[in-house]
Every structure is written in structure tokens, then in C-alpha cells.
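Colleague: Below are the sequence and a predicted model for it; my questions follow.
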Amino acid sequence: MNEIDMARQRKVAEGTRRRKGLSVFRLKVIGAAFMALSVASTTLVPMLFGEPSADNMTGLTIAVVCEIASWCAVPIYAWLLFDGWRHTRSRARYGAELFVVASLAGPSYDKIMTGHWFDAHTHNPVWGLFFAYIVLVAVDWVARTYSGAVRWLITVALIVAGVLWNMMLQIGVSQRVMYTGVLALAFVMVFYFLNRHENTMMFTAGLLGAVMCITPGVGVAFLHYRNGELGYSRPWTKWVFYALYPVMLLLGALV
């Protein structure tokens, strides 16, 4: 077998592996499934197993397990955000879409978490993605505008500002131990700075996820098997996934 034939076989094998991997569509389905666990932990679990408390260890255990498992979605959505940013035709429109989804999810999220349809003390995780997007756009602009120490000083300041926004606004705070907004920002920055080095990027993201209560590291494992394909052809499919989280929250709030 000559070198040309061997090269062709390698390309065919690589193409087969990529087709068998996880497309964007499949990653969105997996992320949505984990996201549903978070909603279920505060809505369906109390209905089915009673209010989680020290006197009801069954309900408490199931609620905590569902919530912790849902953190697998954080790196998946962080990657989808980064991937969408680098492929979108309009970054302004993409940011506006995130803003609309976060705003629509707000009242239902507040109702589930606090019992009120509006509460300024907590904000849903989509706001974490929105702020991560703002920081991502700003950091990329700085990288194209400045160089050297000035670039890195401004970059660090922007990332710190993003962390502070998430912490002060209590974005996506879960079980009082997981700041999903801060974690999403951290993953987005890892993907942005290391995306040209696949192995280093996945190792760093996996390590970050493992340090943050293990389950986000499991989410990174799914990303390792992505194939880079969109996985769907209908343009309305994207809007279905945009609507999923607000609809889940609304149903949970009504329940």
C-alpha cells in the first residue's frame, strides 16, 4: 500500500470518527437534559418525594443529586456559547438573543427560587452566559487592538469585572457552593485562549471541572467527543433550544 492510499484511509477513518461523534445538536440535547434536572430538583422532586429537609432525607438526597448532576451542563453551554460566538454572522444579534432568553427566564426562575415573580437578589444562569459573552467580545477586541503588557492588564481587569458581576448579582448560585455564572465565564475563557491546542484545552477544562465539584468535569468529557458538525438543517431548531429553558422554568413555576 503506497503513502497516498494510506493517507486516504486515514482521512476516511477520521471522517468516520467525526460523524460518529457528538454534533452541536446532540450536545444541545445533552445540555438540555442536564438543565432539566436542575429545574426538577426544585419543582418535581418536592411534589413526588416531599419537601427536602433533614426530616425527609429521601427527598433531600434526590434533590441534591439532581442539582449536582445538572452542573454537567455548565461546560457544555460554555462551549456552545464560544462556538456560537466564533461562527455567528452578527455578534451583536447573538448577544441580543442571549439577553432576551435571560430576560424571559427571569420571572419564572425567581418564582421557583424565592417564591416571588421578581426578586433582585438572584438571577438565572443564562445571565451568566450573557456576561461571559460580553467579556468574551471585549477580551477579543482588546487582543486585536492592544499588545504586550497593556493587553494582558486590560484582559485581566475585564475577567475580574466579569467575576464580580456574577458574584454581586448572585447569578446561577446553586446549593450556596456553586456559582455557575462564574464557572461558565471560566470555561469560556479556557476555550478562548486554548482552542488552538485541543489536548491542552480539554485537559485544562477537565481539571477546572474536577476541582469544581467533579460533575462539570463530566460535562467536559462529552465535549471531548464532539465532531464539529451542526447536526440539524432546519433553522427553527435553534429557536426551539433557545425556548427550552424559559419554558421549563415557566412550567416549574406554575407547578
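Modeller: That came through fine.
Colleague: measure M168 to M178 for me?
Modeller: Distance of M168 to M178, given as C-beta to C-beta, to the nearest Å: 17 Å. (Glycine included, C-beta is placed from N, CA and C.)
Colleague: any idea which element L129 lies in?
Modeller: helix 125-145 (DSSP states H and E).
Colleague: how many other residues sit next to R234?
Modeller: Look at R234: counted by other C-beta atoms under 10 Å, it has 8 neighbours.
Colleague: Enumerate every residue touching M57.
Modeller: Residues near M57 by C-beta atoms under 8 Å, 6 or more residues apart in numbering: none.
Colleague: Comparing M168 and M178, which residue is more hemmed in?
Modeller: Counted by other C-beta under 10 Å, M168 and M178 do not tie: M178 has more neighbours, with 20 against 8.
Colleague: so what's the more buried one bridging to?
Modeller: Counting by DSSP bridges, M178 forms beta bridges with S174.
Colleague: and it, what does it touch?
Modeller: Counting by C-beta under 8 Å, 6+ apart, M178 has contacts 71, 172, 212-213.
Colleague: of those, closest to L27?
Modeller: Among the contacts of M178, W71 lies closest to L27 (C-beta to C-beta), at 15.8 Å.
Colleague: can you tell me how far the closest one sits from M57?
Modeller: From W71 to M57 the distance is 22 Å (C-beta to C-beta).
Colleague: Which residues outside stretch 161-168 are in contact with it?
Modeller: Contacts for stretch 161-168 (C-beta under 8 Å, 6+ apart): 128, 131-132, 134-135, 171-172, 179, 181-182, 185.
Colleague: May I ask which two of the residues you listed are separated the most?
Modeller: I134 and Y179 (16.9 Å).
Colleague: neighbour count winner among these two?
Modeller: A direct count of neighbours by other C-beta under 10 Å for I134 and Y179 places Y179 higher, at 21 against 18.
Colleague: Surely that one touches I171?
Modeller: Yes - counting by C-beta atoms under 8 Å, Y179 does reach I171; the two are 7.4 Å apart.
Colleague: Counting by contacts, list what the helix or strand A205 falls within packs against.
Modeller: Assessed by DSSP H and E, A205 sits inside helix 198-211. With contacts taken as 3 or more C-beta pairs under 8 Å, 6 or more residues apart in numbering; DSSP states H and E, helix 198-211 sits against helix 73-87, helix 180-194, helix 215-224.
Colleague: Could you list the buried residues of the second one?
Modeller: Burial within helix 180-194, assessed by neighbour count using 16 or more other C-beta atoms under 10 Å, is assigned to 180-192, 194.
Colleague: For those residues, please prepare CSV with the additional fields distance to L44.
Modeller: As requested, the buried residues of helix 180-194 are exported to CSV (distance: C-beta to C-beta, whole Å):
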residue, distance to L44
T180, 20
G181, 24
V182, 27
L183, 25
A184, 25
L185, 29
A186, 30
F187, 28
V188, 30
M189, 34
V190, 33
F191, 32
Y192, 36
L194, 38
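Colleague: Which of these sits closest to A36?
Modeller: Nearest member of the buried residues of helix 180-194 to A36, counting by C-beta to C-beta, is T180, at 15.1 Å.
Colleague: contacting residues around the longest helix seen in the chain?
Modeller: Scanning the chain for the longest helix, with DSSP state H as the assignment, gives helix 91-114. Here helix 91-114 makes contact (C-beta under 8 Å, 6+ apart) with 39, 42-43, 81, 84-85, 88, 116-119, 121-124, 126-127, 129-130, 133-134, 137, 242, 245-246, 249-250, 252-253.
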